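Q: Any chance you could fold what I've pasted below:
(one chain, ligands or ions: 3)
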Amino acid sequence: MAEILTGGQMMALERAAMARGAAESGVLMDAAGRAVFDTIFETWPELHAAPQRAVVLCGPGNNGGDGYVIARLLREWGWEVEVLAFGAPGDGAADAARNAARWHDMGGASRALDGGALEEALPGAALCIDALFGTGARALSGDLAAWVDRLNVLAAAEGALKIVAVDLPSGVSADSGKAPGGAVAADLTVSFHRAKLGHYLADGPAAAGALRDCPIGLPDDPCADAVMRIAPPTAADLLKTSGHKYDYGHALILAGPPGQGGAARMAARGALRIGAGLVTVACPQRAVYENAAQLDAIMLRGIDGPSGFEELLEDARLSALCLGPGLGLGAITAQLVRVALEAGRPTVLDADALTRFSREAERLFDMAHPDCVLTPHEGEFARLFPDLAEEMRDAATETSRADALRKAADRAGCTVLLKGPATLIASPGGDCRLHSALYDEAAPWLATAGAGDVLSGFITGLLARGFAPLDAASNAVWLHTACARNFGPGLIAEDLPEQLPAVFRTL
Ligand SMILES: NC(=O)C1=CN([C@@H]2O[C@H](COP(=O)(O)OP(=O)(O)OC[C@H]3O[C@@H](n4cnc5c(N)ncnc54)[C@H](OP(=O)(O)O)[C@@H]3O)[C@@H](O)[C@H]2O)[C@@H](O)CC1
Ligand SMILES: Nc1ncnc2c1ncn2[C@@H]1O[C@H](COP(=O)(O)OP(=O)(O)O)[C@@H](O)[C@H]1O
Ligand SMILES: [K+]
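A: Ligands and ions are numbered 1, 2, ... in the order given. Reported below is the predicted structural model:
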């Protein structure tokens, strides 16, 4: 699993590597510039064959230093290049100063960045390199915000102009992805060593365009408290090899009143396909006929409210529970959740089981235990953790989705999964993982009713099989997106579980 870093973590890795002589800052800057240069031509091979005109925007820090390296490489390749500089390299940017001097010594064209310079330089250019700010960015304001805004308008008008962001689109926070003062709207972002959280969160993905991570020669040192990217599960982890159906657990999915059983049935189908040995749907007696007409391999039990549920749970083989999809928002839902959590078994709480506790989230957190997984979408998250949701959304704070989720998991005392194109999962104590359905891994078809219910079923199925909550949630999210991508456009939620066999064959 690779780390996704904050700006501070990236800087700490670089410093540590340089301190022990495993990296040298000038060499890193050359490698960074070279990585951008190479990636441009890999992305647009037509530019490689026919040098044209490029504008390079250089900031006062090391991101600007990368820009001077790129300017030099493009010029050496025969391009006509002009640097628009936002200030000269400052005190803390010796390598940037060296590369700026080298640019000037070779007779490279340069003038100060302002609105007029942009208006003159951009028309007819094939490339604009955004090397204003990277991991050291603060929110844009004043003239600079206006110029970046103008840059985006001019670039949109120049159909053929490609904007390439160095490390991050300037204006985007490396840590939170927030860009309260606007940001460069890039076609391509080339990041170094590891992707940063800002590439995946808030305004980051829209500003970055496409994303490429490039090695620049830094050693693969681990970073203890980084957010980890969720890796594909392995066949050895997931596929059944031998044993009895009870060796693969028994998942119990609670369904709601008549006419609302679809969500629970889809969750059950997901749990079965992901490999729970047995799956049972438990529903109110009056919903039995409806569910019986729809279920075959999945077993069905009519129960009489919370007491019936308690009786059912006397079967110790029920190894994971799922409450929420289509369960309803009545008082009975809160009682069923209480019974489930008192049973102490691995439990997924989603949808109505979360919304029911909107005004009494603390009561839910008191009952929750470490084998629970809460799977809110953003709206449900905001109902349970209104203060954290506000911090996460507030452009004036640096709190990222990952920060907010870590706090949420600590507060709830269990694993919390926050859904979205970048899904984050956190457990108490700080473990946090991210799964991206962005960039080359986009699966916009997942924005369809019921997709979340299937995800709950996937997690429940893996919990039933004995996966720990964080691993069950991580594998489920990875497989969920893989199913969506395997099916492609036109996907509806019912299709997701049916893609699992094909996805399993690829592991
Ligand atoms: N370290 C290494 O070895 C390597 C680093 N590399 C590269 O370095 C980048 C990080 O460099 P960095 O730390 O110098 O920060 P950087 O992003 O250039 O910005 C800081 C400067 O910008 C200024 N500034 C920021 N926002 C502003 C705003 N809104 N409005 C106005 N000014 C603003 C800020 O000003 P200050 O906040 O200090 O007032 C400061 O002067 C990294 O992303 C990668 O590209 C690679 O070469 C590989 C090797
Ligand atoms: N644009 C998107 N790209 C990728 N995944 C998405 C996107 N929109 C939603 N999803 C995923 O689809 C699922 C939707 O779940 P949810 O919001 O609970 O919907 P529902 O309640 O209708 O099932 C989540 O797993 C979420 O991460
Ligand atoms: K940049």
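Q: need the strands for the stretch 151-300 of the chain, in chain order.
A: Counting by DSSP state E, counting those that start in this stretch, residue ranges of the strands within the stretch 151-300 of the chain are 162-166, 188-192, 210-214, 227-229, 250-254, 278-284, 299-303.
Q: so what's the residue nearest to Trp77 when sequence neighbours are not counted up against?
A: Nearest residue to Trp77, sequence neighbours excluded (CB to CB, 6 or more residues apart in numbering): Pro51, at 5.9 Å. For every residue, glycine as well, the C-beta is placed using N, CA and C. Listed by CB atoms under 8 Å, 6 or more residues apart in numbering, the contact partners of Pro51 are Leu74, Trp77, Gly78, Trp79, Glu80.
Q: what residues are up against the residue nearest to Arg273 when sequence neighbours are not counted?
A: Leaving aside its chain neighbours, Arg273 sits nearest to Pro497 (4.0 Å; criterion: CB to CB, 6+ apart). The contact partners of Pro497, taken as CB under 8 Å, 6+ apart, are Met266, Arg269, Gly270, Leu272, Arg273, Ile274, Val454, Gly457, Phe458, Cys483.
Q: Just among the contacts of Pro51, which is most surrounded?
A: Using other CB atoms under 10 Å as the neighbour test, those are led by Leu74, with 25 neighbours.
Q: average model confidence for the host helix or strand of it?
A: Under the criterion of DSSP states H and E, Leu74 resides in helix 62-76. In this model, helix 62-76 has an average pLDDT of 98.
Q: Let me know whether the next helix or strand after that helix sits next to ligand 1.
A: Following helix 62-76 in sequence order, the next helix or strand is strand 80-85 (DSSP H and E). No - Strand 80-85 stays clear of ligand 1 (CB under 6 Å from any ligand atom), getting no nearer than 11.9 Å.
Q: Begin at 38, not 1, for the rest of this chat.
A: All right, first residue 38 from here; so that's strand 117-122.
Q: who's in contact with strand 117-122?
A: 88-95, 101, 104-105, 108, 111-112, 137, 140, 145-150, 154-155, 158.
Q: buried subset of those?
A: Neighbour counting by 16 or more other CB atoms under 10 Å classes 90-95, 101, 104-105, 108, 111-112, 137, 140, 145-147, 150, 154-155, 158 among the contacts of strand 117-122 as buried.
Q: So which of these are in helices?
A: When DSSP state H defines the helices, the subset of the buried ones among the contacts of strand 117-122 inside them is Gly101, Gly104, Tyr105, Ala108, Leu111, Arg112, Ala137, Trp140, Ala154, Leu155, Ala158.
Q: Now render the residues you listed as TSV, adding distance to Val73.
A: Output for these, formatted as TSV (distance: CB to CB, whole Å):
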residue	distance to Val73
Gly101	13
Gly104	9
Tyr105	12
Ala108	11
Leu111	10
Arg112	14
Ala137	17
Trp140	15
Ala154	22
Leu155	20
Ala158	19
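Q: quick one: which of the residues you listed is nearest ligand 1?
A: Distance to ligand 1, by CB to the nearest ligand atom, is smallest for Gly101 among these, at 5.8 Å.
Q: which residue sits closest to that closest one in space, ignoring its chain neighbours?
A: Once flanking residues are discounted, Gly101 sits nearest to Cys95: 3.8 Å by CB to CB, 6+ apart.
Q: That neighbour pairs with what?
A: Ala122, Ala168 (DSSP bridges).
Q: Pull the contacting residues for it.
A: Gly101, Gly102, Gly104, Tyr105, Ala108, Val120, Leu121, Ala122, Phe123, Ala137, Ala168, Leu169.
Q: Next: Ser213.
A: Counting by CB under 8 Å, 6+ apart, Ser213 touches Leu234, Gly235, Leu238, Ala239, Glu435, Thr436, Ser437, Arg438, Asp440.
Q: wait, which of the residues you listed is closest to ligand 3?
A: Checking the contacts of Ser213 against ligand 3 by CB to the ion gives Gly235 as the nearest, at 10.9 Å.
Q: tell me which parts of the stretch 388-537 of the chain are close to ligand 2?
A: So the stretch 388-537 of the chain meets ligand 2 at 388, 414, 456-458, 460, 474, 480-481, 483-484, 486-490, 492, 517 (CB under 6 Å from any ligand atom).
Q: repeat that for 5 Å
A: Residues of the stretch 388-537 of the chain lying close to ligand 2 (CB under 5 Å from any ligand atom) are 414, 456, 458, 460, 474, 480-481, 483-484, 486-490, 492.
Q: same deal with the chain?
A: Applying CB under 5 Å from any ligand atom, one finds that the chain approaches ligand 2 through 414, 456, 458, 460, 474, 480-481, 483-484, 486-490, 492.
Q: hang on, the earlier thing: quick one: list the elements packing against the helix holding Leu111.
A: helix 62-80, strand 90-95, strand 117-122, helix 131-142, strand 164-168, strand 199-203 (3 or more CB pairs under 8 Å, 6 or more residues apart in numbering; DSSP states H and E).
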